[in-house]
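**Student:** make a model of this:
(chains A and B)
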Amino acid sequence: MNESLRDMTRRTFFKQVGYGIGGMALSSLLLDNAMAQQVMKRTDPMAPKPPHFQPKAKNVIYLFMAGAPSQIDLFDPKPLLVKHNGQPISEDIVKNERFAFITGTPKLLGSPFQFEQVGQSGQWVSELLPHFKTIADDCAVIRSVQTDQFNHAPAQLFMNTGFQIPGRPSMGSWMTYGLGSENRDLPGFVVLISGENNPDGGKSCWSSGFLPTSYQGVEFRSQGDPVLFVSDPDGVSREIRRDTLDALHDLNTMRLKETLDPEIETRIEQYELAYRMQSSVPELMDITKESKETHELYGTEPGKKSFANNCLLARRLVQRGVRFVQLYHRGWDNHGTGESDDLKHKLPRMCREVDQAAAALVTDLKRLGLLDETIVVWGGEFGRTPMNEGRGGSPYLGRDHHPHAFTMWMAGGGIKPGLALGATDELGYMIAQDPVSVHDLHATMLHQMGLDHTKLTFKTQGRDFRLTDVYGEVVAKLLV
Amino acid sequence: MLKARCSCHSGDEPAAGLDLRNPKSFAKVISPGKPDESVLMHRLMGKGGKPQMPMGFAPFDEKDLAKVRSWILAGAPTGGGSSTHWAYQPVIRPPIPMAASGKGVRTPIDAFILKRLEKEGLKPSSEATGETLIRRASLDITGLPPSPTEIDAFLADKRPDAYERLIDRLLASPHYGEHMAEKWMDLARYADSDGYEKDLNRTAWKYRDWVIDAFNRNQPYDKFVVDQIAGDLEPYPTIDQLVATGFNRNTMMNLEGGVDQAEAHFNVVLDRVATTATVFLGSTLGCARCHDHKYDPFSQKDFYRMVAFFDNAVIEPQGRKEVGEEKWFEPFVEVPSPAQSELRLTLMKRLSANKARLAATSKSLASEREAWTKEAQGVSSTTLEGELKVPAGLKTGLLRDGSFRIEGESPATATYEFKATLPKGQWTGLRLEALPDSSFADNGPGRSDHGNFVLSKFEIYVGGRPLPLNRARADFEQQGFPIAGVFDSDPNSGWAVAGQTGKPHDAIFAFPQTLHEAVSITVRLVMDSRYPQHTLGRFRLSLMAQIDPERFAIPQDVRALLATQPNSEAVAKFYETISPTLQTMRAAIEKNEAALAKLKSEIPTAMVLRDKPHTEQLRTYVRLRGDFLNKGDQVVAGTPTSLPPMPPSEPGNRLGLAKWIANPRNPLTARVEVNRLWEDAFGRGLVETSEDFGTQGSPPTHPELLDWLASELVAKKWDVKAIQRLIFTSATYRQASSLTPERRSKDPQNLLLARGPRYRLEAETIRDLALFAGGLLDPKIGGPSVYPSQPEGTWSTPYNSQSWMTSQGPERYRRALYTFWKRTSPYPAFLAFDAPSREQCTARRIRTNTPLQALAMLNDEAILDAARALAHRMLAEPGSQSQRIEFGFRCATGRTPSRPEAARLASLLAKLEHDYNVDPEKAKKLGGTPHQAAWIMAASVLLNLDETITKS
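**Tutor:** The predicted model follows:
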């Protein structure tokens, strides 16, 4: 936190631009004209800012599968596990391991689901994801993601902020801090939630941490006001709102002339932006005008709180130039303590809630020509054990938390389509090839957005902080 | 530059053995005077086929490279003078400068400020208007605006010291402590919930109230520090001193299932060290968690030496470790009010009197007991023979004693059906014995892996019709699993015996009416709770004649004694629990105990620190790279070696640490505190980075003034209000805040203070101010946190059914300070105005200016309520429309509106009234007639003015 903060939120931004974004030059030749014009015109904290280099992607849609889906039952088939199903795992492997719930020597658990290779790419996909099969050729499946954390809240924070304790900025905050957002009437970083509940990491998952709060993720809700306080109270028409804002504008302007404080100018602009948000947000949230074909593609029903509706909203948001959209869908924590959280009942139900809409999103973006400039990411906070958990002797099948290896997929935005990156060992326990850390993932996403993760820094507590801490490498193999 | 950006090459173990902070070491890579031959230049430029430095960070740009080049050209001089950073040098009281113009000097502060302004060729601003001064000071000192009456009184006070009197009045207001506490809560990361996934509610507000009170009674700052860090270790600590240690109990707690509690607690302890250093020492000691501090003189060992002070906390594990449910808790204390203490004493006296009476009466029970003993000896049961049906896959074995043993793989749930025809007799009840058996885990009688069972339902059918059962008694019940649970429909409530598995147990069910021979009955034992495999393994059913289950369900050990030693102590003790004579006395005792329990639940608690007793020096381990699993060397508790040492007379524990911090010779403590007081008044500290006085923080704008104030704080015996009085009465503080083009261009950030402060108010103050303007604010001080209205659906936490119970009545309009602070879901209106989540210590909030703030001010229910109330007040004001407008304007901004401002509001009112007259339904929805609605919206405009939410 230093002097630059005040300036960041003011029109003096350009005089001070050296501070925040690693000394980048405004006169960057990489800027196209339209963007340069926009940059010059806007003075709010979300005004688009030039990237470090020519970006491959403009927007991100991150489908966060909170609770952590089982890679072994969805993307990473392990015939050896099936063969040795029910046998105790070798003591050597688990002797110094910390598990969340497993005690003693757990037994191997082969996936009860069938896999097949699909498409040109021959990606392996489980029978639980029939719709994913149709987009497998557009996606890069990474089977070698690893994390440091094995409990939900810390792991979700780590995946979102690069650190396991709340308080750091999330990736959406970093990206809007670095790049701003093109739509001035909507927040630059939007969060949409479906599934059982908020994610375990709470609102810290989209916190701006030590960055100015203007870069905090804004939750668009499916019930009540879509954005908090966006609706005028009962008895206030648009015309009356306009009348009051006009008066407010005039009175603030009188004060500005008196004090010459530029902060008043900014405040006047923020009220105007708020007024525009009051129409742009409801317009955005109204999906009734989407075609029947689109609704069928996603499986959307207007007015319902669902992952499908949120996927469609995500597409509408990036269409409008919103920089970072993050969806949370919680319920993947399938320990097998009962029918409500086991592999045979719950996991298929979760897949049914998510599979069609996630695939539809990629298909739809592609159809609209938006996939090239939008990175779609799908994944949880860690993986699941190749062993059955059997907590308290539970007869239901389930898997414990597994940080060492799990699967995510990405599509669009210059990510290599049809790629299968990395591999796990025969049991799916450790990574055998091309490990990708959470920091690597962050570095890669920033890279595609035209940001060098080593240069996107913010000074606080006496040092420069980055999303990637002191780690992270761009995963070149993932890129086109 | 090299120190700051090439941090790998510094510290205890610099990369490649190259320490760029050490001239001897960097001589290896520099040829003085010859940049082109210097390895350093090559590596910084990425020449010579080796990776470009700094590796992993942005390379030096042309400008920076040119600087390094010219430095090497100049022979790479390393400078002389003191090598100690200013903040670690002792505070030496500087002389008060003689400003060229003695005019304008009201306090020594002004002399320092004017001296600097003269140097920079700037002139101070004139004094702000009376209206501005009283509003500024009121907001800064109490966090509340002045009322129009207070403003008038101040303006009318023509005494020369009217302003000083105002400051004294404000500093003496009980709202002063509230406003000071508001800011302290961010530092103390105070919250009403645990944080992380579970984010359960906690009772922490006694600490908050302690802080309010400490500020209000102007506790000397050194005592304030010691109480919070180590009040518990003071000799004979008061309850207040224990409550003060809540400062470090405000850390988050991760209670998520499966969390390694030792690691979670490690994180808690680390947070305590980092926060203590930030708050009291303005030092980023937390940076040395993983490695030696790259910039400031703190080694990793220093950090863990500090950790050792905090690593001796009393912890109580609760819950079952083997299923990942063990949690660690730290202690709390009860903090009763005087009335509660008195009531408790009365109740306890009464209770012990009742108990004594019971005990006396019990002794005279012999004859009653003997009669019962005889009866009980005569009670017998007749094993009921019949046919048992169990689920497929299970087998039943009928043993010689008439009991059944269930065999086969233990199922998750099961229902047993037993059919029998009653033999000859007058049967009044059925006895179910759960019997141990060595073929089950822990000898049964259940089939779970701990020998337990949960009997969800127990039903008897006579001729196919259910027999209405509702009376039963068991010899033993597991906590939370009473026998009565078998009668309801919830499968998870039922009879279980954990704690006494491996022993026989008895449950006796009374029939509603006597049953006779030849009746066919079916007994159903249902075990379908959520606890898998909790089914009965071995049991026996028998019939009882002439029984009363209340009196004859007898534990096995007592039953055995009945036959052999009917006069034993154990039998007598048991009989006391069922004696009808004692029933009424027991009822009285129960009532008494219930009253005590109720009182206990009402007595607030406070979270406190407590240390395990120790005689050895406190020690802990360095954790390599800050990794909990990676233990390094053991270290002994101690303070950072680069700062003055702890006097050997101090105890080597937290108390010693606290006293070392509060020692006048500590170079940081007083500087950090006066800087914070300065920041509260001017919006920015003399050191802008109030959380970091290290080499990476901002240097002080007025170093002598900072030191003078620090020495003054110590000289005044750490009297905080005295320093604040100096600041608030200074001419510097009293300046007008308006800009001129000259001031704007010369000093846009007002670093030199040629004008008064002007900046947006804090989230809490904005809410309080609006409610105050509307006359709604409830001035009550302290107490449990409250739940003012917030948009529905804001709280939603996994595995946590706690909900936002919106407060009713005046509680809705308490000061913002009392709003329930939930870490994973902070109050939205505060979040919009830059309040932190309080997951970690926040020394400074960053001020932003966003559309979400505009929306919150326009549409938040609380602000709207305030607008309605303000409109009501304006309309109730006697006089003309313009007088009413003026009154409202003054309530919001503290100032009389100019003529154009009043005219603009009048034209708005006219327009709004016209609009609402066209559609009166709309006015009704907003809350009144068209006339009233117009005023409500005008009041909303007043509350939304930039000036209203700005201190100027």
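
**Student:** just the element for the residue lying closest to A:Glu239 once chain neighbours are set aside, please.
**Tutor:** Counting by Cβ to Cβ, 6 or more residues apart in numbering or on different chains, A:Glu239 lies nearest to B:Asp915, which is 6.4 Å off, once chain neighbours are set aside. To be clear about C-beta, it is placed using only N, CA and C from the backbone, and glycine gets the same treatment. B:Asp915 belongs to helix B:899-918 when assigned by DSSP states H and E.

**Student:** name the helices or strands packed onto that helix?
**Tutor:** Counting contacts by 3 or more Cβ pairs under 8 Å, 6 or more residues apart in numbering or on different chains; DSSP states H and E, helix B:899-918 is packed against helix A:238-259, helix B:881-893, helix B:920-926, helix B:930-944.

**Student:** could you rerun that using 7 Å?
**Tutor:** Contacts defined by 3 or more Cβ pairs under 7 Å, 6 or more residues apart in numbering or on different chains; DSSP states H and E place helix B:899-918 against helix A:238-259, helix B:881-893, helix B:930-944.

**Student:** other residues contacting that helix?
**Tutor:** A:239-240, A:243-244, A:247, A:250-251, A:254, B:881-882, B:885-886, B:922-923, B:930-931, B:933-935, B:937-938, B:941 (Cβ atoms under 7 Å, 6 or more residues apart in numbering or on different chains).

**Student:** go on, stretch A:353-366?
**Tutor:** Taking Cβ under 7 Å, 6+ apart as the rule, stretch A:353-366 contacts A:61, A:63, A:129-132, A:134-135, A:138, A:294, A:297-299, A:307-308, A:311, A:314-315, A:329, A:371, A:374, A:376, A:378, A:411-412.

**Student:** now, of the residues you listed, which are buried?
**Tutor:** Buried residues within these, counting neighbours by 16 or more other Cβ atoms under 10 Å in any protein chain shown: A:61, A:63, A:129, A:131-132, A:134-135, A:138, A:294, A:297-299, A:307-308, A:311, A:314-315, A:329, A:371, A:374, A:376, A:378, A:411-412.

**Student:** out of those, which are inside helices?
**Tutor:** Among the buried ones among the contacts of stretch A:353-366, the ones falling in helices (DSSP state H) are A:132, A:134-135, A:294, A:297-298, A:307-308, A:311, A:314-315.

**Student:** closest one of the residues you listed to chain B?
**Tutor:** Using Cβ to the nearest Cβ, A:Phe307 comes nearest to chain B of those, at 15.9 Å.

**Student:** re the thing from before, ok, so of the ones in helices among the buried ones among the contacts of stretch A:353-366, who is nearest B:Arg5?
**Tutor:** B:Arg5 has its nearest neighbour among these in A:Ala314, at 39.1 Å by Cβ to Cβ.

**Student:** so what's the closest one up against?
**Tutor:** By Cβ under 7 Å, 6+ apart, the residues touching A:Ala314 are A:61, A:192, A:325, A:327, A:361.

**Student:** kindly report the same for B:His516.
**Tutor:** Applying Cβ under 7 Å, 6+ apart, we find B:His516 in contact with B:422, B:426.

**Student:** up against chain B, what does the stretch 301-450 of chain A have?
**Tutor:** A:338, A:391-395, A:401 (Cβ under 7 Å from any Cβ of the partner chain).

**Student:** just send the helices and strands packed on helix B:899-918 back as CSV, with distance to B:Arg725 too.
**Tutor:** Formatted as CSV, the helices and strands packed on helix B:899-918 follow (distance: least, Cβ to Cβ, whole Å):
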stretch, distance to B:Arg725
helix A:238-259, 28
helix B:881-893, 26
helix B:930-944, 31
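
**Student:** ranges for the helices of the stretch 1-150 of chain A?
**Tutor:** A:4-8, A:33-41, A:71-74, A:79-83, A:91-94, A:132-135 (DSSP state H, counting those that start in this stretch).

**Student:** need the least confident one among these, by mean pLDDT.
**Tutor:** For these, mean pLDDT drops lowest on helix A:4-8, to a mean of 40.

**Student:** how about the residues of the stretch 101-250 of chain A near chain B?
**Tutor:** By the rule Cβ under 7 Å from any Cβ, the part of the stretch 101-250 of chain A lying against chain B is A:101, A:103, A:151-153, A:165-167, A:197-198, A:200, A:202-204, A:207, A:212-214, A:218, A:221, A:223-225, A:228-237, A:239-240, A:243-244, A:247-248, A:250.

**Student:** the longest helix in chain A is where?
**Tutor:** Taking DSSP H as the criterion, chain A has its longest helix at helix A:262-285.

**Student:** gap between it and the chain center?
**Tutor:** Taking Cα atoms, centre = their mean, to the nearest Å, the mean C-alpha location of helix A:262-285 is offset from the chain mean by 25 Å.

**Student:** next one: stretch B:367-380
**Tutor:** With Cα atoms, centre = their mean, you get 57 Å for stretch B:367-380.

**Student:** that stretch: which residues count as buried?
**Tutor:** Of the residues in stretch B:367-380, B:369, B:372-373, B:376, B:379 count as buried by neighbour count, 16+ other Cβ under 10 Å.

**Student:** hang on, the earlier thing: quick one: which of the residues of the stretch 301-450 of chain A next to chain B has the most company?
**Tutor:** When neighbours are taken as other Cβ atoms under 10 Å in any protein chain shown, the top entry among these is A:His401 (27 neighbours).

**Student:** returning to that earlier point: which ones among the residues of the stretch 301-450 of chain A next to chain B lie within strands?
**Tutor:** Counted as lying in strands by DSSP state E, out of these, are A:His401.

**Student:** need the residues of the stretch 301-450 of chain A next to chain B in TSV with distance to B:Ala339 and pLDDT, can you?
**Tutor:** Converted to TSV, those look like this (distance: Cβ to Cβ, whole Å; pLDDT from 0 to 100):
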residue	distance to B:Ala339	pLDDT
A:Gly338	48	88
A:Arg391	48	86
A:Gly392	47	79
A:Gly393	52	81
A:Ser394	51	86
A:Pro395	55	87
A:His401	50	96
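
**Student:** take the residues of the stretch 301-450 of chain A next to chain B and keep only those in helices.
**Tutor:** Short answer: these have none in helices (DSSP H).

**Student:** looking at the residues of the stretch 301-450 of chain A next to chain B, which two lie furthest apart in space?
**Tutor:** Largest separation among these by Cβ to Cβ: A:Pro395 and A:His401, giving 20.6 Å.

**Student:** can you tell me how far B:Arg350 sits from chain A?
**Tutor:** Distance, B:Arg350 to chain A, by Cβ to the nearest Cβ, to the nearest Å: 45 Å.

**Student:** count the neighbours of that residue for me.
**Tutor:** 16.

**Student:** what about chain A, any weak spots by pLDDT?
**Tutor:** In the predicted model, chain A carries pLDDT under 70 at residues A:1-43.

**Student:** now do the contacts for the residue nearest to the spatial centre of it.
**Tutor:** Central residue of chain A (Cα atoms, centre = their mean): A:Tyr62, 3.0 Å from the mean position. The contact partners of A:Tyr62, by Cβ under 7 Å, 6+ apart, come to A:326, A:377.

**Student:** about what we covered before: ranking the helices and strands packed on helix B:899-918 by burial, who's on top?
**Tutor:** With neighbours defined as mean count of other Cβ atoms under 10 Å in any protein chain shown, the helices and strands packed on helix B:899-918 peak in mean count at helix B:930-944, which reaches a mean of 25.

**Student:** so which helix or strand of chain B has the lowest pLDDT on average?
**Tutor:** Every helix and strand of chain B was ranked by mean pLDDT, DSSP states H and E. The lowest is helix B:549-552, at a mean of 68.

**Student:** the following helix or strand past that one packs against which elements?
**Tutor:** Downstream of helix B:549-552, the next assigned helix or strand under DSSP H and E is helix B:556-564. Applying 3+ Cβ pairs under 7 Å, 6+ apart, we find helix B:556-564 packed against helix B:366-378, helix B:569-578.
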